[in-house]
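> Build me a model from this:
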Amino acid sequence: MSAASSTGPFAFSRLGIHGFHEVLGIDAEEIRLYWVIETQTRDAAQVAYRVALSTDTEALESPDVDSSKLAWDSGRIESDEQRNILCKPEGGLKSTCSYYWRVWIEDNHKQTHHSPIQNFFTAYPRSRLLPPYSMNQTYMPHSSLIFRAWFEDENDRWKAVWIGDGGDKPIYLRKTFKLHQKPTRAVLFASGLGHFNMSVNGEPASDHRLDPGWTDYHQRVQYTSYDVTNRMTAGENVMGAHVGNGFYAGDQGEDRFFWPMYEDNTYVRYGNELCFFCELHLFYEDGSHDTLISDTTWSVRKSATTLANIYASETHDRRLYPVGWDSPGFEASTWSPAKPLTGPRGHLFYQTQPPVVLHETFNTVRTYSPRPGVVCFDLGQNVSTMVKIIAEGAAGSEIIVRYTETVDDEGLALIPDPLFKQFETGVFSKITLAGTGKPETWEPDFCFTSARWIQVEGVSLNAGEGLPVIHSAVGRHISSAARRLGTMKTDKEDVNALLNALYWTFNSNLFSYHTDCPQIEKFGWLEVTHLLAPATQYIRDMESLYTKILDDIVDAQESSGLVPTMAPEIRYMCGPLHDTITWGCAVCLLPDILLRYYGSTQVIPKVYPAAVRYMEYMRTKERKGGLIEHGLGDWGRDIAFGNHQANIETAIYYKCLQCVEMMARQLGKTEDTEKYKQWSARIHEVYNRHLLVKDDPSRPYVYYTSLDNFPERDCTTVAQAMAIQFNLCPAEYKNDVMAAFVEDASDGRMRAGEIGLRFLFNTLAEAKRPDLVLKMARQEEHPSYMRFLRRGETTLLEFWQDACRSKCHDMLGTIYEWFYAAVLGLKPIGNAYKTFEVDPPYEAEFDHVQGSVDSPYGLINIGFKRDAAKIVTLDVAVPFGTSAVVKLPGSVKYAEVTREGDEKKAQEGGDVRLSHGSYSITIRP
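Numbering: from 1, shown residues only. Below you'll find the model as predicted:
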């Protein structure tokens, strides 16, 4: 593909590597690439592509690429694919090396267009462990043969060692070094357990918080990478690391709440020594490359933060803070040499998921003092947060900061659930002021929570009361840096309020894993990963986070094949809370979700063996020839009501088998593909044999029953919805089963827990009954979404209760998917939105809906407007590389379709098919 390059009307708006949010420490032997194109050229298409990879940018600058200078070359490939492009250099990627890649595409007019040159940096793709300190020194003569291979592979091995002070309290680490010249590039690899903050010359190395991501540290330890070129100077430089506990060495302290130790004290630390390592790679203009590592030449001292409890509890003494400790010129003669440590057992892997960062700041909407010495700040929005306070007072003054989602009649912090009063009393941060005579700022380093109110004790709003003065308190939203994708607004204010509550609930539960809630538990329960994926993919780009979660799941799998209900598994839960397929199924369903929503398959080779083992384990749990009935059922109905096990868990089992069949097909395993196809067919037959009722004279239709009160038969929305949504219902009975479903749903009451809820809404969407969804949402009594809002809540609660322990739980949030799919009307059909459907709310109460989703191929915009004369105007923007199918009402014979820049055209009734471009469609009654 050597035609003259033409950027012209074609623009590459986004390029990247599947499964990696950042690309400064790639440790894979192969990668998969993607690109996004924008163009307004009518009928333009990509007909071929070429991707080239090199360690030399000059090799990629000319359209006539010199193949001898390339590390890998796809050659010209006739294809319109823009995603999942495999790049696998022979011999793998070099270690600690800059790679550059570029895409050339050929359009259907024989024009070639090139992308900007992209860059990534590798770590050590073939090395997973740090050497013990003794091995990293000059080895002894009698051991030279033993360790020879280690040292001969110098370029491909980690060189740093784990260091610390041998204790389990937060520490500062620093290293001073001199450079004779400023490097042309400086890349820093680092990790500190449990969490660490990295700085260079007194400035943060990045905007990351809570690095590295939480994992099972016995299996996997993540390192992060930072480009610190602009931080380096000729002369003296300083690297600094502040290391805290996290879950690695969780610290309850003497008076704090720590959930893994609640009730039965089951928490077992991963390690008892906080530890840190780093490698700084310096590249110079002459081509030389130096490496500075963590070793005993670093200095260490205890932190001014003496307690780092991840459950929003820190103790910090401003008097102990060594001002300027991470900057040049600091006197550190009293610091101790760092100790070499064994470190964690887990292997090192690059942090693939998006980092955790700070987002919006929520300022106070109301400040009040309910009691002398107590000042409360209402932020107006419950949200995951790292607070920040500014206070001024005498040296030694103690301030207590509490965080809460609920307040009592006085406006003081409250946990409504009497079982969790320890959380109310034992979650706080204690700050001791230095008394500098100036306002002092405190913000946590290693903890977060969700809160609407900040309660500060030991302060006043005014000077002269003998207490420190509190100047301000704000909440800074903290969550994943995953790219934000979707927006949506309607003409119904109560719906907009619910959308806002859903948005903040979802965003507040995305970190290095998907939390169940960001305050009480903070655990990685797995059911939300797949149940909420179809909703979350409208909000955030979840591809790299799901990739990491799958690593956690594979690490958590037991030798029997069982996948536990949470990953990482911090606390052992017994019985169905440990072994439930609607949780463990994430190992099978997430690869399918990644293919369906992001068009990527990179996880399949590593997940497939685990998924196979899980299916073999589940086979041992079959009853009545193939039913699964041993789990939590429809958890979350009436708090925790274990009903519909056979309907729900067997349907999930059936879907898992289909996903494993898909993975086998992707891997070219023909025999396995047929095996799982037949296995799922057997479950389909068993499901219908036991649950489909065709002989009930009391009902005018065929329906599905549960086995909850066998042999008594029931006919519920959840039973019908599971069969319909999982394609378990034979085609000849579909109308009957749908009629049974609508009959039970017609009173507008949600009789579903968190598992059944998603399938309830999806079936109502299929039945074209938005009226029933909205009736359910608006109920006066629970279950009801709008009841939450009417009571002043700004996020979703854990259960259908007024008084919940947790008020930032997203597990009931599956209605968010319904809003985007059935009200905005946007639904992916082909993988990664290669084709998508637009089916706006013609039959709903909405007269105006506006929204957008930045899909894997680009931005999709949809605007729906219905005027007083019932004329509908539908605006649709379709990205390049995709096609849209717009559904018209069945009664409409034709519509007027106008593509931007073209003349109006009449479209016959039925579906309107659109290629890329911006369109306006007018539909008259």
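> Which segments of this structure make up each domain?
Annotated domains of the chain cover 11-121, 133-353, 357-480, 486-823, 835-923 [automatic domain parsing].
> right, and those - which one's nearest residue 829?
Taking Cβ to Cβ, domain 835-923 is the member of these nearest to residue 829, at 4.5 Å. Placement of C-beta: from N, CA and C, glycine included.
> For the closest one, what is the distance to the chain centroid?
What separates the centre of domain 835-923 from the centre of its chain is 31 Å, taken as Cα atoms, centre = their mean, to the nearest Å.
> ditto for stretch 113-125
Worked out by Cα atoms, centre = their mean, stretch 113-125 lies 24 Å from the chain centre.
> before we move on, what about stretch 317-332?
Relative to the chain's own centre, stretch 317-332 is displaced by 36 Å; criterion: Cα atoms, centre = their mean.
> buried ones in it?
Neighbour-count burial for stretch 317-332 flags 317, 318, 322, 325, 326, 327, 330 (criterion: 16 or more other Cβ atoms under 10 Å).
> need the contact list for the fourth one.
Taking Cβ atoms under 8 Å, 6 or more residues apart in numbering as the definition of contact, the neighbours of residue 325 are 172, 174, 240, 332.
> I'd like to know which of the buried residues of stretch 317-332 is nearest to residue 680.
For those, the minimum distance to residue 680 (Cβ to Cβ) is 57.1 Å, reached by residue 326.
> Ends of stretch 636-646, what's the gap?
In stretch 636-646, first residue to last residue: 17 Å (Cα to Cα, to the nearest Å).
> what distance separates that stretch from the centre of its chain?
Relative to its parent chain, stretch 636-646 has a centroid offset of 27 Å by Cα atoms, centre = their mean.
> and what of stretch 239-247?
23 Å.
> Output that stretch as CSV, restricted to C-alpha atoms.
C-alpha atoms of stretch 239-247 as CSV (Å, rounded to 0.1, in the frame of the first residue of the first chain):
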residue,chain,number,x,y,z
MET,A,239,12.3,10.2,43.7
GLY,A,240,9.8,9.9,46.6
ALA,A,241,7.3,7.2,47.5
HIS,A,242,4.6,7.3,50.2
VAL,A,243,3.4,3.8,50.9
GLY,A,244,0.2,2.8,52.8
ASN,A,245,-1.7,-0.4,53.8
GLY,A,246,-4.7,-0.9,51.5
PHE,A,247,-5.9,-4.5,51.7
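> quick revisit: which of the contacts of residue 325 lies closest to residue 881?
Closest approach to residue 881 among these (Cβ to Cβ): residue 240, at 45.7 Å.
> what sits against the closest one?
Residue 240 touches 172, 173, 174, 175, 198, 199, 200, 202, 325, 326, counting by Cβ under 8 Å, 6+ apart.
> Please name the nearest non-neighbouring residue to it.
Distances taken as Cβ to Cβ, 6 or more residues apart in numbering place residue 326 nearest to residue 240, at 2.8 Å, with adjacent residues excluded.
> Residue 412 now?
Residue nearest to residue 412 in three dimensions, not counting chain neighbours: residue 370, with 5.7 Å by Cβ to Cβ, 6+ apart.
> do the same with residue 165
Closest to residue 165 by Cβ to Cβ, 6+ apart is residue 300, at 4.7 Å.
> So that neighbour, which state does it fall into?
Counting by DSSP: H, G, I helix; E, B strand; the rest coil, the backbone at residue 300 sits in strand.
> That one contacts residue 171, doesn't it?
Yes. With contact defined as Cβ atoms under 8 Å, residue 300 reaches residue 171; the gap is 5.5 Å.
> Can I get stretch 788-806 as PDB, trimmed to CA atoms?
Included here for stretch 788-806 are C-alpha records, laid out as PDB according to Å, rounded to 0.1, in the frame of the first residue of the first chain:
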ATOM      1  CA  PHE A 788     -35.800   6.900  46.800                       C
ATOM      2  CA  LEU A 789     -35.700  10.300  45.100                       C
ATOM      3  CA  ARG A 790     -38.800  11.500  46.800                       C
ATOM      4  CA  ARG A 791     -37.100  10.900  50.100                       C
ATOM      5  CA  GLY A 792     -34.100  13.000  49.000                       C
ATOM      6  CA  GLU A 793     -31.700  10.200  48.000                       C
ATOM      7  CA  THR A 794     -29.300  11.000  45.200                       C
ATOM      8  CA  THR A 795     -27.900   7.500  44.500                       C
ATOM      9  CA  LEU A 796     -29.500   4.000  44.700                       C
ATOM     10  CA  LEU A 797     -29.800   2.100  47.900                       C
ATOM     11  CA  GLU A 798     -28.700  -1.500  48.500                       C
ATOM     12  CA  PHE A 799     -32.300  -2.900  48.900                       C
ATOM     13  CA  TRP A 800     -35.800  -1.700  48.500                       C
ATOM     14  CA  GLN A 801     -35.800   0.000  51.900                       C
ATOM     15  CA  ASP A 802     -36.000   3.500  53.200                       C
ATOM     16  CA  ALA A 803     -33.300   2.900  55.800                       C
ATOM     17  CA  CYS A 804     -30.300   1.000  54.300                       C
ATOM     18  CA  ARG A 805     -26.800   0.600  55.600                       C
ATOM     19  CA  SER A 806     -25.500   1.400  52.100                       C
END
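> pLDDT, secondary structure and distance to residue 125 for the contacts of residue 240 - can I get that in CSV?
Shown next, in CSV, are those (pLDDT from 0 to 100; DSSP: H, G, I helix; E, B strand; the rest coil; distance: Cβ to Cβ, whole Å):
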residue, pLDDT, secondary structure, distance to residue 125
172, 98, strand, 32
173, 98, strand, 27
174, 98, strand, 30
175, 98, strand, 26
198, 98, strand, 23
199, 98, strand, 28
200, 98, strand, 25
202, 97, coil, 33
325, 98, coil, 35
326, 97, coil, 31
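> Highest neighbour count among those residues?
Counting neighbours by other Cβ atoms under 10 Å, residue 173 leads the contacts of residue 240 with 29 neighbours.
> State whether it and residue 274 are indeed in contact, as I suppose.
No. With contact defined as Cβ under 8 Å, residue 173 does not reach residue 274; the gap is 9.7 Å.
> and for the two, which residues touch both?
Both residue 173 and residue 274 are in contact with 164, 243, where contact means Cβ under 8 Å, 6+ apart.
> returning to that earlier point: mind putting the domains of the chain in CSV, distance to residue 127 included?
Shown next, in CSV, are the domains of the chain (distance: least, Cβ to Cβ, whole Å):
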stretch, distance to residue 127
domain 11-121, 7
domain 133-353, 5
domain 357-480, 28
domain 486-823, 18
domain 835-923, 32
